[in-house]
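Asks: sequence and predicted structure below; questions after.
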Amino acid sequence: MKAIRSLIATQWSSDIRLDGKTAIVTGANTGIGKATAKDLAMRGARIIMACRDMERGEAAREEIVEDTGNQNVVLKKLDLSNTKSIREFAELINKEEKQLNILINNAGVMLCPYSKTVDGFEMQIGVNHLGHFLLTFLLLDLIKRSAPARIVNVASVAHTWGGIQLDDINSEKGYNARRAYGQSKLANILSTRSLARRQDGTGVTVYSLHPGVVRTELWRHVSAPVQLAVRIFSMFSKTSVEGAQTSIYCAVEPALEKETGGYYSDCAPARCSRAARDDEMAEKLWELSCQMLGIHWD
């Protein structure tokens, strides 16, 4: 068992400092988001924790400050299921922050029962893809002014579970939670590739990643039998700290400074599915996403 655990519990070690840098981590109040925010805080960065639950977010912020000694950790309200909240958050950041060197699009929902966001999007595609797509769009000018800067999108190997349904992106013709989650994670990777091409030469680099099978609250919506299987499998899965390592690697590793658009797992380049390398579909998804959000993004 220890041998199996050692294969999946990749730990990345680096003494790189981030003093003078600013990072946003969405979903930073729990799981790998919290572990990521804590690591970056230990490196000296100014951390903006973007959270929906302010009470839990404040508890996490206080813990991070106490554990790291970094007082420059702030909490801001962000509900990725509501474009109004996303726009208000971005407006505040653009007004108050002089720079944004790292954006980690980490928050997400997984395998939830069918529901819609405030704006009428299926919840998984709405939060996991469209919410972060809009957030990145609204913060991109600040990120470009802060270059060299990085955008990290937390995807998943679950991108292999479903394709992009351009004619039914909101799963209104039929809902399968697993396929809908897979579609949202595939969208993360495809939009990473498209954004990387568009930012070529700007000093902004973009990465997507699979964090591994991690013991987090994302599993809360699965059925009781699956919950039991997850608990059994948890002996071989990653902790939140272990699951955060690839996010941290993509945000910090100097060797990635000239790399962009790639997909990573266990702190190394990884191969994604053929569908995740389909640049024609990536462009169609890009156009549809802009249309759904009412934005113009060349």
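Replies: Alright, I've got the coordinates.

Asks: which strand or helix spans Val206?
Replies: strand 204-210 (DSSP states H and E).

Asks: equivalent analysis for Asp15, please.
Replies: Judged by DSSP H and E, Asp15 forms part of no helix or strand.

Asks: let me see the ranges of the strands in the stretch 101-250 of the chain.
Replies: Counting by DSSP state E, counting those that start in this stretch, residue ranges of the strands within the stretch 101-250 of the chain are 102-105, 149-154, 204-210.

Asks: reformat those strands as a markdown table; add mean pLDDT.
Replies: Formatted as a markdown table, those follow (pLDDT from 0 to 100):
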| stretch | mean pLDDT |
| --- | --- |
| strand 102-105 | 98 |
| strand 149-154 | 98 |
| strand 204-210 | 98 |
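
Asks: just those strands: most buried one?
Replies: The highest mean neighbour count among the strands of the stretch 101-250 of the chain belongs to strand 102-105 (a mean of 28), with neighbours defined as mean count of other C-beta atoms under 10 Å. All C-beta atoms are positioned from the backbone trio N, CA, C, and that covers glycine.

Asks: so what are the sheet partners of it and their directions?
Replies: Partners of strand 102-105 in the sheet, by DSSP bridges, are strand 22-26 (parallel), strand 149-154 (parallel).

Asks: where does the stretch 151-298 of the chain have low pLDDT?
Replies: The stretch 151-298 of the chain contains residues with pLDDT under 70 at 214-237.

Asks: okay, helices next: where are they in it?
Replies: Under the criterion DSSP state H, counting those that start in this stretch, the stretch 151-298 of the chain contains helices at 177-198, 224-233, 240-243, 245-252, 279-293.

Asks: out of these, nearest to Ile16?
Replies: Nearest of the helices of the stretch 151-298 of the chain to Ile16, taken as C-beta to C-beta: helix 245-252 at 5.0 Å.

Asks: show me what that closest one is packed up against.
Replies: Helices and strands touching helix 245-252, by 3 or more C-beta pairs under 8 Å, 6 or more residues apart in numbering; DSSP states H and E, are helix 31-42, strand 102-105, strand 149-154, strand 204-210, strand 263-265.

Asks: returning to what we had before: other SSEs contacting the strand holding Val206?
Replies: When contacts are defined as 3+ C-beta pairs under 8 Å, 6+ apart, strand 204-210 sits against helix 132-145, strand 149-154, helix 177-198, helix 245-252, strand 263-265.

Asks: closest one to Glu88 among the strands paired with strand 102-105?
Replies: Counting by C-beta to C-beta, and looking across all of the strands paired with strand 102-105, nearest comes strand 22-26 at 14.4 Å.

Asks: just the residues contacting the closest one, thanks.
Replies: Residues outside strand 22-26 that contact it (C-beta atoms under 8 Å, 6 or more residues apart in numbering): 33, 36-37, 40, 45-51, 78, 80, 93, 97-107, 132, 135, 139, 146, 251.
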